[in-house]
Structures are given as C-alpha cells and as structure tokens.
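Novice: Output the structure for:
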Amino acid sequence: MPFIADLQKYKSLSIVGMDKNTGKTVCLNYVLGRLKDLGVKTAVTSIGIDGERIDQVFGSHKPEIVLYEGMQFITSEKHYNTRQLLSKVTAVDSERTALGRLITAEVLCSGKVLLSGAGTTEKLRRQIEHFKATGLDITIIDGALSRLSLASPSVTDAMILCTGAAVSPNLRQLIQKTRFTFELINLPEIADKELQTKLSAHSSGLWTVDNEGEVHNLEIPSVFLLEKSTQDIFRYGHTLYVSGAASDKLLKYLSTKKNIAEQTLIVRDFTKLFVTPEVYAAYTKKGGRIKVLQQSKLVAVCLNPTSPHGYTINSAEACLRLSEALGVPTWDVCKIKQ
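Specialist: Got it, this is the predicted structure:
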C-alpha cells in the first residue's frame, strides 16, 4: 500500500489539489479505505465544502466521501442531516456558520457524507488538537479549491498533493506546473533553530537579520509599502523576513537591489508565497534565495488523468514522467492494486 505507512507517522494530514477536479476525493477515499483496513483511528473534516455529488462548475458527477465504522467526522448541521450513514453525535459547536453549527459525530455504520467544516485554519487547529486529545491516531483535512493554507505546517503535520489533467491537458505543461508547486513545498527550512523561534514570534511586518543573528524591525507593516520606504531595507543585514504574504511584486522589488546575490528571503512556509513561475525563476536566476521557517512534509503526489472537460492523459506515462521530474513517486490511486 504505497505511502500509507509514511502518513501513519503523522497526527494530521491535509489533502490539497492544484486545481478543481484533480482527484482529492478519490485520493481521500483510497487513504480512508487503507486506514480502515489497518485499524487506524481516524477523524475527517474539511475546510470549505467537499464531497458534493454534482460538480457545481462543470455539472459532472463526482465521487462521494465514504466513511467507515468507528471513524469520526465534523460537518455542518445542514450536511449532517443529509448524510447517508448511521452515526451518533458526540459534540455540537456553539458557533454558528452559514450552514448551521458544526457537528462532531462517530460513524456507526459505513456510508457517505458531505463534509463542510471550519472556515478558518485557526478553527481547524483547535479541531485537530481536540482529536489528538481524545486518542485518535490521525486527523485528515480534505481541502477545498485553492485552499493551500491548510497545507501549512502550522495547521497539519503533512500533506498529499493532487494534480492531474485538469491542471493542463498538455503533459509537458502539467509537469512544469506541478514541479513548480513541488519546488515551493520543498523550499529549505532555515537551520538556525534559535532564529526560527525569534522570527516565529512576529506575526506582522517586515524584519531583517544581522550577521549576529539579531532581528530588527523595519517599521514597515506590509510589503505593499516597501516602495514608499526611503531607507535601505538591508541596512542591518541581507536576510529579510516577511511575516505575511510574499508576491511577485516583492520579488521584482528585491531583484532591483544590487546585492541580490547576498539576499535571503524568509517566509513562514510555502503557503505564504503567491508568486508565478516566471518571476520566481528570474529572482532565483539572479542569485536570490528563499527559505521557510517551517517546511511542509509531502508524503505523496497523486494524479487524476481525467479532466472534467472530457479529455484523458495516459496515466502510466504521466506518473512515470512526473516521478522522474519530481524525484518522488507519483500515484494514480485508481491503478494501485489492492
């Protein structure tokens, strides 16, 4: 059972897609089925809504999430009432969402359910901690479209990345796009643990680090105000920490500096980077370096060879070429022999 042993090392796991219809639910069902066979105590929830029967964009039929006896899950009142399984409620959240309160329940008889969970990563963190405290082995978060934030190591311990024909019907472009995301996920973590602790304490603003490892506040609250600054941002040192999001605009700005080859840009984790491959490549080609406070643990890359537009790429060839390009195995879970 490929990669299942690896994910059992972690207490929480996110399954995220590079685009809609990249096979997240199929991957989730594969993982849940294998964990059930191994007797792993599992909880499942979502950020956003997952498991709908009909794709809201393309109108096509989608696989539904299957849960097994003994598993726990969190979903909204609205979707709990439409479940196709037997379960008992173990907790009801006091806060209300647009779909009602969040219900925590235990599956008594296997079946299908639509997941609509927490709307924020902070809420997810609390839910994961709750499941840890109750003795469950792993909590799996099924991600909604473009919600890579749940793959942050500050939320889940590890992640599975789903890609496929929906990203691009052209295999070469699919590989390029997936490899770029893979590269961001695997950006190196800073080695200095003391510095890591110092920078982690700052949740806003821009900071630089001098040669002695001391951290200096640049008194610039946002990267959007960088260009208005009249002072040299590298006056204390050549390491810049951005506590929030880093975009193309920031990399372009840093690329104009004469000392770019001496620069190190640090972000909290890869989910804080909102950069295009072209700008990222131009920055690093000039000598710019990017590191993270926390590196995400990628346990698997999974492929959906079918696009909702009707075209299909060759699964075996795509998995082979992606594996060669990434240096890690890529799996079509529908092709794995049980």
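Novice: For the stretch 201-338 of the chain, which segments are assigned as strands?
Specialist: With strands called from DSSP state E, counting those that start in this stretch, the stretch 201-338 of the chain shows them at 206-209, 215-217, 239-242, 246-247, 264-267, 273-274, 289-292, 298-304, 330-331.
Novice: So in that sheet, which strands flank the fifth one, and in what orientation?
Specialist: Sheet pairing of strand 264-267 (DSSP bridges) gives strand 239-242 (parallel), strand 289-292 (parallel).
Novice: Can you redo those as JSON lines, where the extra columns are mean neighbour count, distance to Asn170 and mean pLDDT?
Specialist: Backbone N, C-alpha and C define where each C-beta goes, glycine included. Output for the strands paired with strand 264-267, formatted as JSON lines (neighbours: other CB atoms under 10 Å; distance: least, CB to CB, whole Å; pLDDT from 0 to 100):
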{"stretch": "strand 239-242", "mean neighbour count": "23", "distance to Asn170": "33", "mean pLDDT": "96"}
{"stretch": "strand 289-292", "mean neighbour count": "20", "distance to Asn170": "27", "mean pLDDT": "97"}
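Novice: Now render the ones you listed as a markdown table, adding distance to Ile103.
Specialist: Listed next are the strands paired with strand 264-267 as a markdown table, based on distance: least, CB to CB, whole Å:
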| stretch | distance to Ile103 |
| --- | --- |
| strand 239-242 | 38 |
| strand 289-292 | 35 |
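Novice: how about the ones you listed, which one is nearest Glu77?
Specialist: Nearest to Glu77, of all the strands paired with strand 264-267, is strand 289-292, at 37.8 Å by CB to CB.
Novice: For Lys11, find the nearest of the strands of the stretch 201-338 of the chain.
Specialist: That would be strand 298-304 among the strands of the stretch 201-338 of the chain, by CB to CB, at 12.9 Å.
Novice: pLDDT of the closest one, averaged?
Specialist: Averaging the model's pLDDT scores along strand 298-304 yields 95.
Novice: Show me what that strand is packed up against.
Specialist: Applying 3 or more CB pairs under 8 Å, 6 or more residues apart in numbering; DSSP states H and E, one finds that strand 298-304 contacts helix 4-7, strand 158-164, helix 171-185, helix 315-326, strand 330-331.
Novice: I'd like the strands of the stretch 201-338 of the chain written out as CSV, with distance to Leu35 added.
Specialist: Below are these laid out as CSV (distance: least, CB to CB, whole Å):
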stretch, distance to Leu35
strand 206-209, 41
strand 215-217, 42
strand 239-242, 37
strand 246-247, 35
strand 264-267, 32
strand 273-274, 31
strand 289-292, 29
strand 298-304, 13
strand 330-331, 16
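Novice: rewinding a little: and of the strands paired with strand 264-267, who's closest to Ala43?
Specialist: Using CB to CB as the measure, strand 289-292 is the one of the strands paired with strand 264-267 that comes nearest Ala43, at 27.3 Å.
Novice: So Ala246 sits against Val275, correct?
Specialist: Yes: taking CB atoms under 8 Å as the definition, Ala246 is a contact partner of Val275 at 6.9 Å.
Novice: Could you check how many residues crowd around Phe274?
Specialist: Here the number of neighbours of Phe274 (other CB atoms under 10 Å) works out to 12.
Novice: List the residues that contact the residue nearest to it when sequence neighbours are not counted.
Specialist: The shortest distance from Phe274 to any non-neighbouring residue, by CB to CB, 6 or more residues apart in numbering, is to Ser247 (4.8 Å). Applying CB atoms under 8 Å, 6 or more residues apart in numbering, we find Ser247 in contact with 223, 274-275.
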